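Trainee: Next comes the sequence, and after it the predicted model I'd like to discuss.
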Amino acid sequence: MSKTIGAVTTAKARTKLQGKTIAYWSVTGLLAAALTLSGLGQLMKLGGNVDLVTNLGYPLYIMQILGVWKLLGVIAILAPRFPRLKEWTHAGIFFLMTGAALSHLLDHDYGDGGFNVILPLFYAALNIVSWALRPANRKL
């Protein structure tokens with residue numbers, strides 16, 4: 001009887017680990033896609049990126065800096081190994097996104113329905129969830 005209980009416990013633990021892994025990669029993939037599109041949009045000066053930056057009073061060259069940082073961040077969180085780099089990358093993404101939200105908030109540049117504040121906070125939340133769900137081989 002104890003062998004049966006042990007097998008069931010092992011199966012539950014394995015299923016839970018698989019579910020956590022799927023959740024991690026789903027959230028991390030969504031975060032990576034969002035950062036890639038955002039970074040490319042900034043580098044290529046697409047959409048309303050120029051207006052967002054100039055309305056806040058930042059110089060346009062900040063778009064190249066942020067775009068490159070975002071793309072490098074995507075590479076860092078998706079690449080295998082380098083757990084310390086991943087820790088720093090998640091911290092950087094958090095500061096980048098909360099800083100963007102605060103910049104818009106403090107400048108009263110909320111956008112339609114608060115979009116300019118809500119979107120970066122959503123990305124920050126995705127980043128936190130990705131960090132919290134990361135597998136053991138991606139931790140320090």
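Mentor: Thanks, I have the structure now.
Trainee: avg pLDDT for the longest helix seen in the chain?
Mentor: Longest helix in the chain by number of residues (criterion: DSSP state H): helix 2-43. Mean per-residue pLDDT for helix 2-43: 85.
Trainee: Show me what counts as buried in stretch 133-140.
Mentor: 133, 134, 138 (16 or more other C-beta atoms under 10 Å). Bear in mind the C-beta positions are built from the backbone N, C-alpha and C, glycine included.
Trainee: List the ones among those that fall in helices.
Mentor: The helices, defined by DSSP H, take in residue 133 from those.
Trainee: how about the buried residues of stretch 133-140 in JSON lines, adding pLDDT and distance to residue 106?
Mentor: Formatted as JSON lines, the buried residues of stretch 133-140 follow (pLDDT from 0 to 100; distance: C-beta to C-beta, whole Å):
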{"residue": "133", "pLDDT": "95", "distance to residue 106": "31"}
{"residue": "134", "pLDDT": "93", "distance to residue 106": "32"}
{"residue": "138", "pLDDT": "83", "distance to residue 106": "34"}
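Trainee: Please tabulate the buried residues of stretch 133-140 in a markdown table, including the columns distance to residue 44.
Mentor: Listed next are the buried residues of stretch 133-140 as a markdown table, based on distance: C-beta to C-beta, whole Å:
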| residue | distance to residue 44 |
| --- | --- |
| 133 | 31 |
| 134 | 30 |
| 138 | 30 |
